[in-house]
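S.K.: Could you look at this predicted model? Sequence included:
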Amino acid sequence: MARKPFTTTIDEDVQTDFKKACSDNDDKMNDVLEAFMKGYIDGDFTVEKEVTFKVKGKVNAKKEADDPR
């Protein structure tokens, strides 16, 4: 299969730690990334996302029984 370049942005600390881990384990980064991609495609693992939000200012919360509408 033909090889194709892949470029993306990633958190700097994650990249630094990943490079070190690959070097420590004598692995090529592209081989590890490709293995992760194949594992994701095959359903070997999933990614869970957490959504958070922050409300600025005062929040007026009414109980449903207090709402005259």
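M.R.: Yep, it's here.
S.K.: Helix or strand for Met45, just tell me which one.
M.R.: Not Met; residue 45 is Phe. Using DSSP states H and E, Phe45 sits in no helix or strand.
S.K.: what number of residues lie near the closest residue to it other than its chain neighbours?
M.R.: With sequence-adjacent residues excluded and distances taken as Cβ to Cβ, 6 or more residues apart in numbering, Phe45 is closest to Gly39, at 5.9 Å. Quick note: C-beta positions are derived from backbone N, CA and C, even for glycine. For Gly39, the neighbour count with other Cβ atoms under 10 Å is 11.
S.K.: Look up how far Lys54 lies from Gly39.
M.R.: Relative to Lys54, Gly39 is positioned 34 Å away (Cβ to Cβ, to the nearest Å).
S.K.: again with Lys28
M.R.: 41 Å.
S.K.: What is the neighbour count of Asp44?
M.R.: Asp44, neighbours per other Cβ under 10 Å, totals 10.
S.K.: who's more crowded, Lys28 and Lys54?
M.R.: Lys28 (10 against 4).
S.K.: show me the residues around the more buried one that make contact.
M.R.: Cys22 (Cβ atoms under 8 Å, 6 or more residues apart in numbering).
S.K.: And what about the residue nearest to Phe45, helix, strand or coil?
M.R.: helix (DSSP: H, G, I helix; E, B strand; the rest coil).
S.K.: Just the pLDDT for it.
M.R.: At Gly39, the pLDDT value in this model is 96.
S.K.: Distance check, Asp31 against Lys38.
M.R.: For Asp31, the distance to Lys38 - Cβ to Cβ - is 11 Å.
S.K.: ugh, wrong one, Gly57
M.R.: The gap separating Gly57 from Lys38 is 47 Å, by Cβ to Cβ.
S.K.: in the chain, which spans are strands?
M.R.: Using DSSP state E, no strands are found in the chain.
S.K.: Where does the prediction get shaky in it?
M.R.: 58-69 (pLDDT under 70).
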